[in-house]
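Chemist: How does the following fold in three dimensions:
(one chain, ligands or ions: 1)
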Amino acid sequence: MFKIPVNFDYIVIGGGIAGLHIGALLSLHGKVIVLEKTNNIGGRAKVVEKDGFKLDFGAHPIRFGYKSDLGESLEEIGKPIEFIKPGKVLAFLDDGSITTYPSGGIIAVLKSKLVPFFKTLKLMIKIKKMAEEDFVALYDMSLEEWFNKENITPKIRKFLTMASATLQVNPFIERSSTGETLQNIRKFLDIGSVYYPRGGWGEIFSRFSEKIKENGEIRLKSEVSEIIVKEGKTTGVKIGDEIINGEKIISTIPVQQFFTILDEKLCDKDFVTRCQGLKCTAGISIDFCLSKPISDIDGGIMLENPLGFVFIPSNISPEVAPEGKSLMTFFTITNVEDIKDKNKSNEIYQHLRSAILRFFPEIENNLEFERPLFHDMIDGVEVNTEQHRLKRPGNEIKEISNLFITGDSVGGEGAGGDIGHTSVRNCYEIIIGK
Ligand SMILES: Cc1cc2nc3c(=O)[nH]c(=O)nc-3n(C[C@H](O)[C@H](O)[C@H](O)COP(=O)(O)OP(=O)(O)OC[C@H]3O[C@@H](n4cnc5c(N)ncnc54)[C@H](O)[C@@H]3O)c2cc1C
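Modeler: Coordinates of the predicted model:
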């Protein structure tokens, strides 16, 4: 027996950051329900509290802080948070040395022994002067091809490979998109750094959740099994034997899984294949929860080998660890196939762990507990020559006028979370413009 359907203006499928973000924005215009299949909100950015430590899901800085699309939306719903700017970025090189990573302007380039000063400065000026169409012309070219074509020197190759790894979670130069990498670097040169939310990601989720609850609800343990479509329009969704009716439906689940809840016969075959085949990024993170701080570094740390990104969230926002204790988070990138292979992923994990302990041996003496995580999806889409911003699916479903998709595998700009946030803003503008 089906229960009596409930009506909403907007049904949002998925309670990750994209679902909560768009749900909060749409709650300014109508009644919203967010449906999340698990017991928690947050998806791939969910926060877990253990022994007083607030653990983000692996390293989770936010590019561009107040100037990001996420920052803009928090302002728009009247619930801003504080974004903290970390200190300078350090590069921990394989030869055991530590140097400034050339981000954040000329001084950092000058201080860095990773790159030659004049050549790097020249490259940065060149990138600053590039027009939109110059980036677009390089979207289909891999970094490797471009390095060879432009005779890029080994030191600058290393720097750009690290930039591709951190800015777009893609250290694989044979497929990383040159246009996207340079455009991401340009955005950094124009509007600056990564930031961290005071109090961690939980603060972002609380703000969005509060807003949604002012004009709607978030339902956990509510897995959508089907999007109902009649004559080119969706009318609602099914959750078990319950139907929820809605005027407009927005799916935020990774687009690779979208056709598990929508009959693929309703859409163009090429579109279905494209969504299902999108390659995501993958990686391994380790959180170390320590009885006391063992380093006062308050900026990012780049590891050369294995290529990775390190962060001490409690040095930036002390609220994420109990008083006098410390939280360190490390992260390395790998292929999805490596994560699925237990031996390979364990080998990469051990490599990461020993690289960390080589630079921070004091971790072992002060360890309360550690949390390794093996992620088969970091960002919904790897930014590469086959999946750059012009080649990804857009927010609208051509055949179904009131059904939309968003999240970090749809449209958008930048990489990872940026794709998610810009994709949400684009989707929101389309929906309220209709
Ligand atoms: C370790 C790690 C580090 C990262 N670091 C950064 C970073 O530093 N900066 C950055 O910007 N980004 C980072 N990211 C990426 C960022 O976390 C993701 O881009 C973002 O969380 C994706 O959000 P989403 O809402 O699009 O998708 P998801 O988080 O995947 O949310 C989708 C939600 O839908 C739910 N769902 C699925 N199917 C159904 C269904 N049938 N019915 C109902 N609900 C369903 C899922 O349970 C999930 O909660 C990182 C990711 C990881 C894993």
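Chemist: Quick one: end-to-end distance for stretch 254-265.
Modeler: 19 Å (CA to CA, to the nearest Å).
Chemist: Give the buried residues for it.
Modeler: Pro254, Val255, Gln256, Phe258, Phe259, Ile261, Leu262 (16 or more other CB atoms under 10 Å). For glycine as for every other residue, the C-beta is placed from the backbone atoms N, C-alpha and C.
Chemist: Next one, pLDDT for the closest residue to the ligand within the stretch 51-200 of the chain please.
Modeler: Residue nearest to the ligand within the stretch 51-200 of the chain (CB to the nearest ligand atom): Gly58, separated by 2.4 Å. Gly58 is assigned a predicted lDDT (pLDDT) of 87.
Chemist: can you check Pro102 too?
Modeler: 85.
Chemist: Now do the same contact list for it.
Modeler: Ala108, Val109, Ser112, Leu114, Val115, Thr120, Phe159 (CB atoms under 8 Å, 6 or more residues apart in numbering).
Chemist: Surely it forms part of a strand?
Modeler: No - going by DSSP: H, G, I helix; E, B strand; the rest coil, the assignment for Pro102 is coil, not a strand.
Chemist: Any idea how many residues pack against the nearest residue to Pro61 once chain neighbours are set aside?
Modeler: Among residues not flanking Pro61 along the chain, Val194 sits closest, at 4.1 Å (CB to CB, 6 or more residues apart in numbering). Counted with other CB atoms under 10 Å, residues neighbouring Val194 total 23.
Chemist: Also within reach of the ligand: list those from the buried residues of stretch 254-265.
Modeler: Taking CB under 6 Å from any ligand atom as the test, the ligand is in contact with Pro254, Ile261 out of the buried residues of stretch 254-265.
Chemist: Just put the buried residues of stretch 254-265 in CSV and tack on secondary structure, pLDDT and distance to Val310.
Modeler: Below are the buried residues of stretch 254-265 laid out as CSV (DSSP: H, G, I helix; E, B strand; the rest coil; pLDDT from 0 to 100; distance: CB to CB, whole Å):
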residue, secondary structure, pLDDT, distance to Val310
Pro254, coil, 97, 26
Val255, helix, 97, 30
Gln256, helix, 97, 29
Phe258, helix, 98, 34
Phe259, helix, 98, 37
Ile261, coil, 98, 37
Leu262, coil, 98, 40
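Chemist: Out of the buried residues of stretch 254-265, the closest to Gly283 would be?
Modeler: Pro254 (15.6 Å; CB to CB).
Chemist: Spatially, which residue comes closest to that closest one, not counting chain neighbours?
Modeler: Gly380 (4.8 Å).
Chemist: how about that neighbour, secondary structure?
Modeler: coil.
Chemist: can you list contacts of the least confident helix or strand in the chain by mean pLDDT?
Modeler: The weakest-scoring helix or strand in the chain, judged by mean pLDDT, DSSP states H and E, is helix 106-111 (a mean of 79). Helix 106-111 has contacts (CB under 8 Å, 6+ apart) with Lys88, Val89, Thr99, Thr100, Tyr101, Pro102, Val115, Phe117, Thr120, Leu121, Met124.
Chemist: Let me know whether the second one touches Gly300 as I believe.
Modeler: Which is Val89. Yes - using CB atoms under 8 Å, Val89 is in contact with Gly300, at 4.1 Å.
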